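Peer 1: Need a 3D model of the sequence below.
(2 chains)
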2 protein chains.
Amino acid sequence: MHRANTPPPVPRTRRTEGTRVRGRAERVVAAVLTATHEELGRVGYGALRVEDVAARSGVNKTTIYRRWPTKAELVAASLRAANEEQEQPDTGTLRGDLLVVVMRTVRTCKTPTGRGIVRMLQTERADPEVEALSRSLRDRRWQRNRALLERGITRGELPADVNPELLLDLILGGIYARLIHRGEDIREDYAAAAIDTVLAGARAGAARLPNEPQQ
Amino acid sequence: MHRANTPPPVPRTRRTEGTRVRGRAERVVAAVLTATHEELGRVGYGALRVEDVAARSGVNKTTIYRRWPTKAELVAASLRAANEEQEQPDTGTLRGDLLVVVMRTVRTCKTPTGRGIVRMLQTERADPEVEALSRSLRDRRWQRNRALLERGITRGELPADVNPELLLDLILGGIYARLIHRGEDIREDYAAAAIDTVLAGARAGAARLPNEPQQ
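Peer 2: Model (predicted):
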């Protein structure tokens, strides 16, 4: 980038100041969203109080309300941020990418915050705000995972006419059933065998669906 | 059973009376367990009152308490009875048997009582009594489904070294993810493609697991 025989760049004071100001605002946002995420894991959605987020993050309550006028918006932003923090895997194979996604979920569900949020999504699902949060989390995850599958299809790892929804339901549903409903641990060899079984079935041409809805 | 040229059976008064008495007791049990199941679907576990079961079944509260001294025992018996009411499928193929199990679950989850019980198992899972009910339901289902898989292996439909837990996690977990978490309907062709994908992967030898737990 910066060749040895060119002079070092002139310090650009104004730009640096601008960056520092933006950096502080970003740090405030990050502190609030992290605190929200932790509080959510600790007490759930219904019992979450913006006062406690303020205390935990050291950010004024009015500052928080100015940016996220409702609790639903604050929590949605914190879940979105936690999701976007995780880089999309790119191991070179679909199997490798899916294994990263699954084992990351396994690790997240073992943290106190992760476990608390999973519990909250189940026990408070009757609350329409929780249902909306849950739906938007699922939609975002679906978009990301679907992109991994499409890349695998492009690389020729799967037939082009597989049904991506069916494949993801099988792999992730199977893992969630064990991890979340039965509360059992998932070893990496188990996750790998689950992924291999579904991908082998898809390569054998079984994961297609007729296009016309049948009654 | 009763050939035309044999005389009609002599009425056996004592035996008939005995049968009638047993029949009535069984009818009382069935009425109470059905009423419990319906109340459970309607109000959940925490809010279920034996008084309401008594009113709904027309059976005296003290009669109910004499047979099932606690609410937990009453509810466990009603869930067991509902489960045992369903005959084990025997279509001749593992694919056919699994399809019966899955589509039966889909239909059950669409009834108001089935939907209510699924909701209760999620939203009240923090209650240790609900957790115990949930675990025993799962264990019973697991025994029954495992028997279907073993029969399929015996018939040579799957390699003998497949991991039955992995197969059932994939098929049923995938279905539950869609049906219960996302609240979406499952068409029979979708269920069939899910089963076919997992069975094809297992036939390709992917559903094995190393025996030694790896760390």
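
Peer 1: Quick check: closest non-adjacent residue to A:I171.
Peer 2: Residue nearest to A:I171 in three dimensions, not counting chain neighbours: A:V198, with 5.1 Å by C-beta to C-beta, 6 or more residues apart in numbering or on different chains. From N, CA and C alone the C-beta is placed, and that goes for glycine too.

Peer 1: Is that neighbour in contact with A:L170, as I believe?
Peer 2: Yes: counting by C-beta atoms under 8 Å, A:V198 touches A:L170, with 4.7 Å between them.

Peer 1: overlap in contacts of the two?
Peer 2: Residues touching both A:V198 and A:L170 by C-beta atoms under 8 Å, 6 or more residues apart in numbering or on different chains: B:L170, B:T197, B:V198.

Peer 1: Show the contacting residues for the residue nearest the centre of chain A.
Peer 2: In chain A, the centroid-proximal residue (C-alpha atoms, centre = their mean) is A:N83; its distance is 3.0 Å. Shown in contact with A:N83 (C-beta under 8 Å, 6+ apart): A:L137, A:R140, A:R141.

Peer 1: what's the spacing between it and B:W68?
Peer 2: From A:N83 over to B:W68 the distance is 46 Å, taken as C-beta to C-beta, to the nearest Å.

Peer 1: got it, and A:H181?
Peer 2: To B:W68, A:H181 is 27 Å away according to C-beta to C-beta.

Peer 1: Likewise for A:R203?
Peer 2: From A:R203 across to B:W68, the span is 52 Å (C-beta to C-beta).

Peer 1: Counting neighbours around each, name which of those two comes out higher.
Peer 2: Ranked by neighbour count (other C-beta atoms under 10 Å in any protein chain shown), A:R203 and B:W68 place B:W68 first, with 21 against 18.

Peer 1: pLDDT score for the more buried one?
Peer 2: For B:W68, the pLDDT comes out at 97.

Peer 1: likewise A:N83?
Peer 2: For A:N83, the predicted pLDDT is 87.

Peer 1: In three-state terms, how would the nearest residue to A:E124 once chain neighbours are set aside be classified?
Peer 2: Distance criterion C-beta to C-beta, 6+ apart; nearest residue to A:E124, sequence neighbours excluded, is A:V130 at 4.4 Å. Counting by DSSP: H, G, I helix; E, B strand; the rest coil, the backbone at A:V130 sits in helix.

Peer 1: Surely A:V130 is in contact with A:R119?
Peer 2: No: judged on C-beta under 8 Å, A:V130 makes no contact with A:R119 at a distance of 11.5 Å.

Peer 1: of the two, who's got more company?
Peer 2: It is A:V130, of A:V130 and A:R119, that has more neighbours when counted by other C-beta under 10 Å, with 20 against 16.

Peer 1: Identify the residues contacting that one.
Peer 2: Counting by C-beta under 8 Å, 6+ apart, A:V130 makes contact with A:Y45, A:M120, A:L121, A:E124.

Peer 1: please redo it, this time with the cut-off set to 7 Å
Peer 2: A:Y45, A:L121, A:E124 (C-beta atoms under 7 Å, 6 or more residues apart in numbering or on different chains).

Peer 1: Which ones among those lie within helices?
Peer 2: Counted as lying in helices by DSSP state H, out of those, are A:L121.

Peer 1: between the contacts of A:V130, which is closest to chain B?
Peer 2: Proximity of those to chain B (C-beta to the nearest C-beta) peaks at A:E124, which lies at 7.5 Å.

Peer 1: any idea how far that closest one lies from A:Y176?
Peer 2: 18 Å.

Peer 1: higher neighbour count, these two?
Peer 2: More crowded of A:E124 and A:Y176, by other C-beta under 10 Å: A:Y176, with 23 against 19.

Peer 1: Could you check which helix or strand contains the more buried one?
Peer 2: Of the helices and strands defined by DSSP states H and E, A:Y176 is found in helix A:164-176.
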